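Colleague: Sequence and computational prediction follow.
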Amino acid sequence: MQKRIFLTGSVAAIALAFGGLYTPAAVAAASTPFKVGLILPMTGPFASTGRQIDSAAKVYMAEHGDVVDGRKIELILKDDGGVAANSKRIAQELIVNDKVDVIAGFGLTPIALAVAPLATQSKTPMVVMAAQTESITKASPYLVRTSGTIPQVTAGIALWAAHNNIKKVVTLVPDYAPGYESETAFKKYFGSSGGQIVSEIRVPMRNPDFAPFLQKVLDEKPDGLFVMLPSGPGAALLKQYGQRGLEKAGIRLFGHGAITDDDNLNEAGDASLGVITSDYYSTAHPSEMNKKFVAAYSKVDTTHRPNFFGVAGYDGMHVIYAALKATKGKGGGDALLAGMKGLSFESPRGPVTLDPKTRDFIQNIYLRKVEKVNGALYNVEFDVIKNVDASGGTR
């Protein structure tokens with residue numbers, strides 16, 4: 001009895017000492033870890049996406065610690081292999097069994113769409129750090145995204161092509177939803193400026209042999225070839241572009257930033273030199289904050305440099321930390337979501353704002369050219385379109 005009275009009195013004393021901030025419920029919350037379930041493809045054809053986000057999340061936690069307003073952050077990494085059925089099962093286990101406060105990651109569009117209903121049902125904030133199909137955020141009111149959208153990234157390169165004497169273009173995209181969305185966005189922004197699409201090519205999503213498709217492009221004799229591919233196969237396409245003689249034929253290659261992915265750009269060799277892309281991030285982004293991020297990342301992943309998914313993982317952790325801080329460590333699905341909406345901060349990619357309506361970043365899109373710097377290939381920024389929203393328009 002005396003022990004019970006003492007404990008009750010101690011809690012009351014703490015509450016009084018801190019102006020009522022530490023109520024018994026708050027003390028209980030502070031003693032419970034804040035759990036983040038990170039669902040990523042750590043194996044399979046999209047493992048580079050998982051490695052990038054996981055490494056960047058570790059960088060953020062190393063820099064900012066693992067305690068926010070008295071809550072210890074616990075990161076629970078799960079490998080879905082890039083398979084949507086696995087992702088849904090894992091998400092359910094994390095929400096029901098592990099009682100995570102946030103789920104995050106999601107390397108591909110089908111994965112994010114498979115998990116979104118669970119986020120809605122459980123009122124669990126879902127931070128998408130990779131998948132870029134624009135409509136994803138409509139799948140759940142609890143979903144926010146810290147990467148970018150296909151139209152947002154594509155608009156920049158379409159406008160560049162339209163203003164650089166490129167009149168006739170062949171588009172080459174993967175045969176799945178993000179590919180179609182990129183194709184549509186390119187046609188919208190390129191076509192509105194008077195450009196002509198002479199042929200539309202769709203390739204298998206997994207391990208395509210680009211040779212026959214590039215031969216078709218060569219036969220069409222366009223001014224340029226627009227390409228969008230998922231992260232990974234861009235190096236193979238760049239090599240075959242050089243081998244097939246498209247550059248010698250005067251067919252310029254340009255596209256969505258994933259084709260010159262910083263994670264594997266140097267595997268493409270000199271065939272990638274001069275390729276123009278647009279994206280929201282480059283390892284070579286010249287800000288001091290990014291230089292520190294790249295240096296810190298290199299200590300976690302000693303064989304690769306951060307790419308656009310890496311910085312999205314880093315910023316995703318920032319959004320989660322900031323939301324928890326906004327709730328004074330209490331958490332809660334609706335309160336965390338409110339803390340995320342409208343959040344503005346400086347990222348290694350530049351300034352970002354999480355649009356409270358679309359729950360996507362309003363951010364800069366950079367035009368980049370592949371150049372050799374100190375013997376290595378980089379996407380060197382040469383222009384910027386500021387404050388681009390999820391649809392590709394500017395604010």
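Modeller: Now that the structure is in, tell me what you want to look at. Numbers count the residues shown, from 1 in each chain.
Colleague: Domain-wise, how is this protein divided?
Modeller: Structurally, the chain divides into domains by automatic domain parsing as follows: 1-31, 34-148+287-359, 151-279+365-388.
Colleague: and those as CSV, adding distance to Thr394, mean neighbour count and mean pLDDT?
Modeller: Quick note: C-beta positions are derived from backbone N, CA and C, even for glycine. Rendered in CSV, the data for those read as follows (distance: least, Cβ to Cβ, whole Å; neighbours: other Cβ atoms under 10 Å; pLDDT from 0 to 100):
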stretch, distance to Thr394, mean neighbour count, mean pLDDT
domain 1-31, 41, 12, 45
domain 34-148+287-359, 13, 21, 97
domain 151-279+365-388, 5, 20, 93
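Colleague: export those to a markdown table and tack on distance to Arg395?
Modeller: Formatted as a markdown table, these follow (distance: least, Cβ to Cβ, whole Å):
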| stretch | distance to Arg395 |
| --- | --- |
| domain 1-31 | 37 |
| domain 34-148+287-359 | 9 |
| domain 151-279+365-388 | 4 |
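Colleague: check which helix or strand covers the most centrally placed residue in the chain.
Modeller: When Cα atoms, centre = their mean is applied to the chain, the residue found nearest the centroid is Ser147 (2.8 Å). When secondary structure is defined using DSSP states H and E, no element contains Ser147, which sits outside every helix and strand.
Colleague: got the contact list for the spatially closest residue to it that is not a sequence neighbour?
Modeller: Nearest non-adjacent residue to Ser147, counting by Cβ to Cβ, 6 or more residues apart in numbering: Ala312, 3.9 Å away. Each residue near Ala312 by Cβ atoms under 8 Å, 6 or more residues apart in numbering is listed here: Ile53, Ala56, Met129, Ala130, Thr146, Ser147, Gly148, Tyr281.
Colleague: which helices and strands sit right next to the strand or helix carrying Lys78?
Modeller: Secondary-structure assignment from DSSP H and E places Lys78 in strand 71-79. In terms of contacts (3 or more Cβ pairs under 8 Å, 6 or more residues apart in numbering; DSSP states H and E), strand 71-79 is packed against strand 34-40, helix 47-64, helix 84-96, helix 308-326.
Colleague: Quick one: distance of the last one to the chain centre.
Modeller: When you say that, I think you mean helix 308-326. Mean C-alpha position of helix 308-326 versus that of the full chain (Cα atoms, centre = their mean, to the nearest Å) differs by 11 Å.
Colleague: One more: the shortest one?
Modeller: Relative to the chain's own centre, strand 34-40 is displaced by 16 Å; criterion: Cα atoms, centre = their mean.
Colleague: Any chance of the helices and strands packed on strand 71-79 in TSV with distance to Ala258 as columns?
Modeller: Listed next are the helices and strands packed on strand 71-79 as TSV, based on distance: least, Cβ to Cβ, whole Å:
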stretch	distance to Ala258
strand 34-40	17
helix 47-64	10
helix 84-96	20
helix 308-326	8
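Colleague: quick revisit: am I right that the residue nearest to the centre of the chain is in contact with Gln132?
Modeller: Yes - under the criterion of Cβ atoms under 8 Å, Ser147 makes contact with Gln132 at 5.7 Å.
Colleague: Which of the three states applies to Ala112?
Modeller: For Ala112, the secondary structure call by DSSP: H, G, I helix; E, B strand; the rest coil comes out as helix.
Colleague: Which residues are in contact with it?
Modeller: Contact criterion Cβ under 8 Å, 6+ apart gives Phe106, Met126, Val128, Ala131, Thr133, Ile136, Ala139, Leu143 as the residues in contact with Ala112.
Colleague: out of those residues, what pair is the most spread apart?
Modeller: The span of these, defined through Cβ to Cβ, is set by Met126 and Thr133 at 14.6 Å.
Colleague: Can you tell me how far Val169 is from Val96?
Modeller: 49 Å (Cβ to Cβ, to the nearest Å).
Colleague: Same question for Leu113.
Modeller: Counting by Cβ to Cβ, the gap from Leu113 to Val96 is 20 Å.
Colleague: Okay, helices next: where are they in the protein?
Modeller: Counting by DSSP state H, the chain has these helices, from start to end: 2-17, 24-30, 47-64, 84-96, 109-122, 150-162, 177-191, 211-220, 234-243, 288-300, 308-326, 333-340.
Colleague: Ok, which of those helices comes nearest Val370?
Modeller: When the helices of the chain are compared for distance to Val370 using Cβ to Cβ, the nearest one is helix 234-243, at 8.7 Å.
Colleague: which outside residues touch that closest one?
Modeller: The set of residues external to helix 234-243 that reach it, using Cβ under 8 Å, 6+ apart, is 210-211, 214, 225, 227, 229, 247, 253, 258-261, 264-265, 267-272, 275.
Colleague: give me that answer again for 6 Å
Modeller: When contacts are taken as Cβ atoms under 6 Å, 6 or more residues apart in numbering, the neighbours of helix 234-243 outside the stretch itself are Phe210, Ala211, Leu214, Leu253, Ala258, Ile259, Asp261, Asn264, Glu267, Ala268, Ala271, Ser272.
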